[in-house]
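**Student:** one predicted model, sequence on top.
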Amino acid sequence: MTLTMVMVPGYNEPPEHFDLLRRGSLQVAGLDSYGIDSVTFGEFNDTLDERIDRFAQFISDLRAQGREFPIVLLGYSLGGLVVRGFLRRYEHRASEISHAIMIATPNWGVQTFALPQIYG
């Protein structure tokens, strides 16, 4: 069985920033070397609500492609809010997820001038 990990970048964070985690470096092995099938959710310029729904469709598309389930979700910053939002809004789909990892996620809120765009 192959473990599938879906990585969700932060607000306006290029998905390529996860490439180092996927590939690794000379000193540290990446996810690929452990046989983990990693895929990155794309970069979007939309509201958090829209991104959560788009993420739900992305997960459905992965299942349709024949990926192994349940999957692991890794959200960085706003990506963690997408992960949390997916699990809250689509709680009936929780069995599709084995683990949810959030790194530097502003679970207690965020102060930024970008809030109108994020929460539109």
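**Tutor:** Yep, that arrived. Computed from a predicted model, the values in this text were never measured in an experiment.
**Student:** unless I'm mixing things up, Phe44 is touching Arg51, no?
**Tutor:** Yes: between Phe44 and Arg51 there is a contact under Cβ atoms under 8 Å: 5.8 Å. Every C-beta, even on glycine, is put in place using the N, C-alpha and C of the backbone.
**Student:** which one of these two is surrounded by more residues?
**Tutor:** Comparing Phe44 with Arg51 by other Cβ atoms under 10 Å, the one with more neighbours is Arg51, at 24 against 14.
**Student:** in what helix or strand does the more buried one lie?
**Tutor:** helix 48-64 (DSSP states H and E).
**Student:** where does this protein dip in pLDDT?
**Tutor:** Applying pLDDT under 70 to the chain flags residues 110-120.
**Student:** please name the nearest non-neighbouring residue to Ser95.
**Tutor:** Pro70 (6.7 Å; Cβ to Cβ, 6 or more residues apart in numbering).
**Student:** contacting residues for the one you found?
**Tutor:** Ser95, Glu96, Ile97, Ser98 (Cβ atoms under 8 Å, 6 or more residues apart in numbering).
**Student:** where does Val39 sit: helix, strand or coil?
**Tutor:** strand (DSSP: H, G, I helix; E, B strand; the rest coil).
**Student:** just to revisit the earlier point, for the helix holding Arg51, packing partners?
**Tutor:** The contact analysis (3 or more Cβ pairs under 8 Å, 6 or more residues apart in numbering; DSSP states H and E) places helix 48-64 against strand 4-8, helix 78-89, helix 115-119.
**Student:** export those to JSON lines and tack on distance to Arg63 and mean neighbour count?
**Tutor:** Converted to JSON lines, the helices and strands packed on helix 48-64 look like this (distance: least, Cβ to Cβ, whole Å; neighbours: other Cβ atoms under 10 Å):
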{"stretch": "strand 4-8", "distance to Arg63": "10", "mean neighbour count": "23"}
{"stretch": "helix 78-89", "distance to Arg63": "14", "mean neighbour count": "21"}
{"stretch": "helix 115-119", "distance to Arg63": "28", "mean neighbour count": "12"}
